[in-house]
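>>> Okay, sequence plus prediction incoming.
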Amino acid sequence: MEVTITINGTPVTSEIEPRTLLVHFVRENAGLRGTHWGCDTSNCGTCVLWVDGSPVKSCTMLAAQADGHEVTTVEGLEQGGVLDPIQQGFIECHGLQCGFCTPGMMMTGRWLLDNNPNPSEAEIRDCISGQICRCTGYKNIVASIQWAAEHPATSEVTA
Amino acid sequence: MQTPAPVDYARATSVADAIALLEKHGEEARLLAGGHSLLPMMKLRLARPEILIDLNDLDELRGIRIEGDEIVVGAMVTHAEILDSPVLAEHYAIFREAEKVIADPIVRNKGTIGGSMCQADPSEDLSAVGSALKGSVVIQGSGGKRTLALREFHEGPYETKVGDAEILTEVRFPIRPGAGSAYEKVERRVGDWPVASVGVFVVVAGGVVTDCGIGLTAVGAEHFCAPDAEAYLIGKAPTEENLAAAAQLAADACTPYADQRGPVDYKLHLACELTLRALRKAAASSQGA
């Protein structure tokens, strides 16, 4: 079947098998390898991206379901050469070691801040509770999201 | 790499269209709601449908509204929407308390109440909620609609009374003025299935319990409920002694099996203790505490 999915503002049209998972469409058909593919069972959360502005685990959604919808991936966070504060926060606070969980953590973190600009530590931990990091013990990930909450200004797009 | 076996895909344009597609494709068709149970089962080849009928375009299955003395929740309403619903929160604390501990925030964005009910997992939290509140479901086929009590909905684990060419379209909950409700769950880690969960509602009037419902999940309670414990409480004051006796009757209605989440005696202990905690909270809430 033919599907068209708008990814980070650009329509991507491909002929796919209906069983194709959205995570594979994004990585293989659209060539965007920022979204990682991990546990395949909706437990680890590294494949989190947004569909119509809402985060989903893309290993547990068919690409066919996203036909005609808007997808935002980690590549879509940076605007006009300026990193999103959530990305800058992970740099400032050493929010990653191996980096495998990072794209999902950043997509969930950005979504949290869009809906709750000043979350408590408990709210941050609750929001990333469906995502697994095996390096940081989560402390620095929480600190990275807090840094982004405290520095919202860098999200202004410099056209 | 885990990928489902080859499968066809169709997007239903209406409930009638979905029913027509089900009739056309027979028992090898499956409805796709949130997909967070069905797609993992397809990856593991535990389910191998020939065609998926996607319900995600059907706005007629969305929304939470009041109709007469019932709250009506559309089958495609997500866990996240239930968690955030002011209408549900106004009438029953049980919804927020249960949804906060179902899966994780990202999964809650996709999983639906209709999908959860029809998956009929013996550890499903919403099944305990539905049974506690003595809710009902509306099931639609080409011959029309029928309404069924949730306490008659389950045939057994993963089996319901929804026929091959039928769709669950709504879940309905009676509104009970003055009711208090609560949900208690023990899980091994955040987002996991329960070791045991209990949801209850209690109405206290004139110093005695005039109505109550007790729902339990993951502990082998038939239809996720404990009718003997409910009957015991009616007409009695909600004292610690009476609530504890009802909690023991609720545990007596359970037949859990031992698994990696715990042995039988532990689960029975949880069924009793969690029922007691939920009854205390709900009774206090009904009395305005």
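Received, thanks.
>>> Up against chain A, what does the stretch 101-250 of chain B have?
Proximity of the stretch 101-250 of chain B to chain A (Cβ under 8 Å from any Cβ of the partner chain) is limited to residues B:103-107, B:109-110, B:190-191. Glycine gets a C-beta too; all of them are placed from N, C-alpha and C.
>>> residues in contact with the residue in the stretch 1-150 of chain B that chain A sits nearest to?
Residue nearest to chain A within the stretch 1-150 of chain B: residue B:104 (2.6 Å; Cβ to the nearest Cβ). Residues in contact with residue B:104, defined by Cβ atoms under 8 Å, 6 or more residues apart in numbering or on different chains, are A:45, A:129-131, B:190-191.
>>> Quick one: buried ones out of those residues?
A:45, A:129-131, B:191 (16 or more other Cβ atoms under 10 Å in any protein chain shown).
>>> Which strand or helix spans residue A:4?
Element membership for residue A:4 (DSSP states H and E) is strand A:2-7.
>>> contact partners of the following helix or strand past that strand?
Tracing the chain past strand A:2-7, the next element assigned as helix or strand by DSSP H and E is strand A:10-15. The set of residues external to strand A:10-15 that reach it, using Cβ under 8 Å, 6+ apart, is A:1-6, A:25, A:29-30.
>>> Quick check: chain neighbours aside, which residue is closest to the closest residue to chain B within chain A?
Nearest residue of chain A to chain B (Cβ to the nearest Cβ) works out as residue A:130 at 2.6 Å. Take residue A:130 and drop its neighbours on the chain: the residue closest to it by Cβ to Cβ, 6 or more residues apart in numbering or on different chains is residue B:104, 2.6 Å away.
>>> and if you look at residue B:53?
Nearest to residue B:53 is residue B:21, by Cβ to Cβ, 6+ apart, at 4.9 Å.
>>> what helix or strand is the one you found on?
Counting by DSSP H and E, residue B:21 is found in helix B:15-25.
>>> tell me the centre residue of chain A?
Nearest residue to the geometric centre of chain A (Cα atoms, centre = their mean): residue A:107, 2.9 Å.
>>> For the residue lying closest to that one once chain neighbours are set aside, which residues are in contact?
Spatial nearest neighbour of residue A:107, chain neighbours left out: residue A:48 (4.8 Å); criterion: Cβ to Cβ, 6+ apart. Listed by Cβ under 8 Å, 6+ apart, the contact set of residue A:48 reads A:55-58, A:103-104, A:107-108, A:131, B:106.
>>> Out of those residues, list just those in strands.
Within the contacts of residue A:48, residues falling in strands by DSSP state E are A:55-57.
>>> which of those are close to chain B?
A:55-57.
>>> just the buried members of these?
A:55-57.
>>> quick check: domain ranges of the chain?
Using chain A here. A:2-76, A:85-151 (automatic domain parsing).
>>> oops, I was thinking of chain B
B:8-54, B:59-174, B:179-286.
>>> so how far does the longest one reach from one end to the other?
This points to domain B:59-174. 23 Å (Cα to Cα, to the nearest Å).
>>> Tell me how far that domain lies from the chain's centre.
6 Å (Cα atoms, centre = their mean, to the nearest Å).
>>> and that domain, average pLDDT?
Average pLDDT, domain B:59-174: 97.
>>> show me what contacts whichever residue of the stretch 151-289 of chain B sits closest to chain A?
At 4.5 Å from chain A, residue B:190 is the closest residue in the stretch 151-289 of chain B, using Cβ to the nearest Cβ. Going by Cβ under 8 Å, 6+ apart, residue B:190 touches A:129, B:104.
>>> Fine, thanks again, bye for now.
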